[in-house]
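Student: Next one to model:
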Amino acid sequence: MSVFDMRHQTVTNQTNNNYSFGEAQNQADLIIELEKLKSEVSNAGESKVINAEIVTEVQEQIQKAVDQAKKPQPNKDVIAGYLSTAKGFMKGVAEAGGIIAGIVKAIELVQKLF
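Tutor: Model (predicted):
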C-alpha cells in the first residue's frame, strides 16, 4: 500500500468541478452541464485562478455551444468547435486542468448525443 506524506503541503486556488458530463444522457442534460461548466469558469475567475480576459473568452465560447445545443437540430460539429476554442483559451493555465478535462468530456458527449 502506498503512503503519501502530505505534511508541509498546501493547496491554493483549487477549483471544484460541479459538473458531470458522464451522467448526461440527453440534450437537456448536456445544456445543464455546460451551464455548470460556465459557472465553474466564472468561479475560477473570481478566485483569480484564471485571468479575467480568458474567463470572458471561455464563457463566450461555452455560451455559443449552449445556444447551439438548444436549437431543434443542433450541429454537433459547431458545438464541438466552440468547445475546442474554449479549451484552446485555457491552454497553459495549469490550475484549470479540471475545467479543461470537463471541456474534453463535453466534446466527447456532444459526439455521442448528436
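
Student: got the residue ranges for the helices in this structure?
Tutor: 27-46, 52-69, 76-90, 97-113 (DSSP state H).

Student: got CSV for those helices, with mean neighbour count and mean pLDDT too?
Tutor: In short, each C-beta sits where N, CA and C put it, glycine included. Rendered in CSV, the data for the helices of the chain read as follows (neighbours: other C-beta atoms under 10 Å; pLDDT from 0 to 100):
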stretch, mean neighbour count, mean pLDDT
helix 27-46, 19, 92
helix 52-69, 19, 96
helix 76-90, 20, 95
helix 97-113, 19, 89
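
Student: just checking, Val58 touches Val93?
Tutor: No: contact criterion C-beta atoms under 8 Å: Val58 and Val93 do not qualify, at 9.6 Å.

Student: which residues are common contacts for those two?
Tutor: Common neighbours of Val58 and Val93 (criterion: C-beta atoms under 8 Å, 6 or more residues apart in numbering): Ile50.
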